[in-house]
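Colleague: Here is my input, please return the structure:
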Amino acid sequence: MSGWLGSYSFRCQPVDYSNSPMALRMASTCWWYYFSKFTEFFDTLFFILRKKNEHVSTLHVIHHGCMPMSVWFGVKFAPGGHSTFFALLNTFVHIVMYFYYMVAALGPSYQKYIWWKKYLTSMQMIQFVLIMSHQFQLLFTECDYPKGFMVWIAFHGLLFLFLFSDFYRTRYTNEKRPNQGACMVCVPRVLSLACPLT
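Modeller: Prediction:
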């Protein structure tokens with residue numbers, strides 16, 4: 001947030017490769033965001049330890065599998081600038097999501113307080129639309145920001161929008177499919193032989 005609530009421009013924010021205090025602060029913020037992608041593996045571990053293998057979906061595996069590598073490229077070659085907008089949005093959504101997980105973990109007596117799971121998924125999808133819009137605007141704006149990162153981040157937004165939309169459709173509408181949606185297939189069959197084959 002050190003840039004987006006201050007001097008950063010939503011229309012075009014080049015990467016500052018200097019040693020200025022702001023550039024170093026943004027590079028440090030990017031590093032901490034990268035580090036947070038590894039802490040997110042803990043929810044996968046907890047799902048497995050609690051034998052909740054149905055939560056380890058294709059969506060989950062793709063998301064947690066590709067994000068650390070993708071963010072590493074950003075930290076290495078573009079630490080700051082336009083792409084940090086997606087990290088800011090993603091961090092906010094993850095704070096809300098892990099709050100949901102915390103309340104859910106408190107037990108059945110707290111289930112009445114987490115009626116908003118469907119809206120959390122909607123918030124995640126809105127996040128991806130905002131990320132794609134923010135990145136794709138660079139196609140129409142002259143900006144000294146690496147176009148490859150713009151395409152890469154927008155592609156991630158599109159991929160995750162598709163996966164989360166499929167999850168939403170499968171979970172919250174009547175549009176059920178035999179395999180419970182592309183996102184709900186039991187990917188790591190090694191984890192549980194109880195996953196149904198369809």
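
Colleague: alpha carbons only for contacts and neighbour counts from here, please
Modeller: Will do.

Colleague: What are the buried residues along the longest helix along the chain?
Modeller: Among the segments of the chain that qualify as a helix by DSSP state H, the longest is helix 147-172. Buried residues in helix 147-172, counted by 16 or more other Cα atoms under 10 Å: 149-151, 153-154, 156-170.

Colleague: now stretch 11-23
Modeller: C12, Q13, P14, V15, D16, A23.

Colleague: May I have the phi/psi pair for the first one?
Modeller: So the one you mean is C12. phi -160, psi 120 (degrees, to the nearest 10).

Colleague: wait, isn't it in contact with H82?
Modeller: Yes: with contact defined as Cα atoms under 8 Å, C12 counts as touching H82 (6.4 Å).

Colleague: overlap in contacts of those two?
Modeller: Common neighbours of C12 and H82 are listed as Y145 (criterion: Cα atoms under 8 Å, 6 or more residues apart in numbering).

Colleague: Check the average confidence over the longest helix of the chain, would you?
Modeller: Average pLDDT, helix 147-172: 92.

Colleague: May I ask which helix or strand of the protein has the lowest mean pLDDT?
Modeller: Here the helix or strand of the chain ranked lowest by mean pLDDT, DSSP states H and E is helix 41-49, holding a mean of 81.

Colleague: Show the subsequent helix or strand relative to that one.
Modeller: Next in sequence after helix 41-49, counting helices and strands by DSSP states H and E, comes helix 58-77.

Colleague: now the longest helix of the chain against helix 58-77, angle please.
Modeller: Taking axes from the mean of the first three to the mean of the last three Cα atoms, to 10 degrees, one finds helix 147-172 and helix 58-77 inclined to each other by 160 degrees.

Colleague: Pull the distance from helix 147-172 to the chain's centre.
Modeller: Centroid separation for helix 147-172 versus its chain: 9 Å, with Cα atoms, centre = their mean, to the nearest Å.

Colleague: tell me what that helix is packed against?
Modeller: With contacts taken as 3 or more Cα pairs under 8 Å, 6 or more residues apart in numbering; DSSP states H and E, helix 147-172 sits against helix 58-77, helix 117-136.

Colleague: I'd like those laid out as TSV, including mean neighbour count, mean pLDDT and distance to T29.
Modeller: Formatted as TSV, these follow (neighbours: other Cα atoms under 10 Å; pLDDT from 0 to 100; distance: least, Cα to Cα, whole Å):
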stretch	mean neighbour count	mean pLDDT	distance to T29
helix 58-77	16	87	9
helix 117-136	18	94	18
